[in-house]
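A.B. asks: Curious how this folds, go ahead:
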Amino acid sequence: MTRGRYVQSFLVSCVLFFWFGTVSALAQGEKTEKKEPVPEGKVNIEEKVSKKAELVYMVKPVYPAEAKQKGIEGTVRIDAIVSEKGEVTKATALSGPELLREAALAAVRQWRYKPLGVEFKTTITVNYTLAPKTEAEKPKS
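C.D. replies: Presented below is the predicted three-dimensional model:
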């Protein structure tokens, strides 16, 4: 081979090497983009938004008669999703006595917050306590 042929082969090799390297880098870049898609759905902004959430309408929970008769007291914790319009769109009881949960959920589902323009999640605590019995109400022994 002549010197010109060596130079030509070397240049062709360099061009091919560069081209394959570029194609490989582009292919890896496409794979990376596919691995990290733009997230869709709701963003949990509980800490930032729940501090600014202002309750504008509240229905007081009813104390179920059966729970009163049985002397059941307790705390019902509820996770609520509030729409950008301020309406409670979903409420789920996390804990609390079974006889008190549905009454607390029924009330919280009617609550309204000042619209913030974004959906947010908040945790609500509803406390049920019975009034202490007076002397007249206490059974005589």
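
A.B. asks: unless I'm mixing things up, Trp111 is touching Met58, no?
C.D. replies: Yes - with contact defined as C-beta atoms under 8 Å, Trp111 and Met58 form a contacting pair (5.4 Å). For every residue, glycine as well, the C-beta is placed using N, CA and C.

A.B. asks: So between the two, which is more surrounded?
C.D. replies: Trp111 (19 against 12; other C-beta atoms under 10 Å).

A.B. asks: Contacts only, for that one.
C.D. replies: 55, 57-59, 80, 88 (C-beta atoms under 8 Å, 6 or more residues apart in numbering).

A.B. asks: how near is the closest residue to Val76 other than its chain neighbours to Ala65?
C.D. replies: Using C-beta to C-beta, 6 or more residues apart in numbering and skipping the chain neighbours, the partner closest in space to Val76 is Gly96 (3.2 Å). Using C-beta to C-beta, to the nearest Å, Gly96 is found at 17 Å from Ala65.

A.B. asks: Looking at the two, which has the bigger crowd around it?
C.D. replies: Set Gly96 next to Ala65 and count neighbours by other C-beta under 10 Å: Gly96 wins out with 20 against 9.

A.B. asks: That one contacts Ala103, correct?
C.D. replies: No - contact criterion C-beta under 8 Å: Gly96 and Ala103 do not qualify, at 10.3 Å.

A.B. asks: Quick check: mean pLDDT of the helix or strand encompassing Lys68?
C.D. replies: Lys68 is part of helix 65-69, with elements assigned from DSSP states H and E. Taken as a whole, helix 65-69 has an average pLDDT of 91.

A.B. asks: list the helices and strands that helix packs on?
C.D. replies: helix 98-108 (3 or more C-beta pairs under 8 Å, 6 or more residues apart in numbering; DSSP states H and E).

A.B. asks: No more questions from me, cheers.
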